[in-house]
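Student: what's the 3D shape of this:
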Amino acid sequence: MKKEDKALLIDSLVETLNSYPHFYVVDVTALDSTTTSELRRECFKNEIKLQVVKNTLFIKALERKGGEEFDALKPILKNTTGIMFCQTANVPAKMIKSFAKDHGDMPALKGAYAEESCYIGADQLNTLAAIKSKKELIADVIAALEGPTNSVLSALDAGTTIHGLLDAIENKG
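Tutor: Below is the predicted model of the structure:
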């Protein structure tokens, strides 16, 4: 590959890294073409961009992007590597778990950069799947705030009913 082509690929990877806040590094070595096509379709459905990269080019893109923050990921960039870029941190983890059940535990997670932290190793898959997205956290906060509000409203409704009963008793007497 020509030096100019490599530079263009690195620039493209840096641009993609800037566009997506989270990415997963997966091993796609053992996947045949049919399974890879299924994986790509599944990624597309889940709004994940899957890109198979040369490890050295991806390392250079990481260096250009952020420096030391990605150093923990460099040792895992071996063999055939696929990068899953996403907007929501836990979506690829959930997709990998469900896809791997039917495909011999492949693709295998090598590592991930999610929520401004590096996760190394396949054993981190459950941790990554449990990360709550921004929307899920907002929903939890709203639910926590709604609880007391609903209690007050219920009490007020009950108070109105009691007040109505007292008025009815008073009017009878």
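
Student: Show me where this structure has its helices.
Tutor: Under the criterion DSSP state H, helices of the chain are mapped to 3-19, 33-45, 55-65, 91-102, 125-130, 134-172.

Student: Ok, which of those comes nearest Ile76?
Tutor: Ile76 sits nearest to helix 55-65 of all these, at 9.3 Å, using CB to CB. (Each C-beta comes from the backbone N, C-alpha and C, glycine too.)

Student: What sits closest to the residue nearest the centre of the chain if chain neighbours are left out?
Tutor: Centroid-nearest residue in the chain: Ala89, 1.9 Å away (criterion: CA atoms, centre = their mean). Once flanking residues are discounted, Ala89 sits nearest to Ala114: 3.9 Å by CB to CB, 6 or more residues apart in numbering.

Student: give the contact list for the one you found.
Tutor: His22, Phe23, Tyr24, Ala89, Asn90, Leu128, Ile131 (CB atoms under 8 Å, 6 or more residues apart in numbering).

Student: Specify the beta-bridge partners of the second one.
Tutor: With DSSP bridges applied, Phe23 shows beta-bridge pairing to Phe85, Tyr113.

Student: residue contacts, it?
Tutor: Leu17, Ile83, Met84, Phe85, Cys86, Ala112, Tyr113, Ala114.

Student: Could you list the domains of this protein?
Tutor: The chain breaks down by automatic domain parsing into domains covering 3-131, 132-173.

Student: follow-up on the earlier one: where's the residue nearest to Ala89 relative to Glu68, distance?
Tutor: Distance check for Ala114 against Glu68: by CB to CB, to the nearest Å, it reads 18 Å.

Student: How about Asn46?
Tutor: From Asn46 to Glu68 the distance is 30 Å (CB to CB).

Student: Tell me which of the two has more neighbours.
Tutor: Asn46 (17 against 7; other CB atoms under 10 Å).

Student: State the pLDDT value of that one.
Tutor: We note a pLDDT of 93 for Asn46 in this prediction.

Student: Since that was my last question, I'll sign off now.
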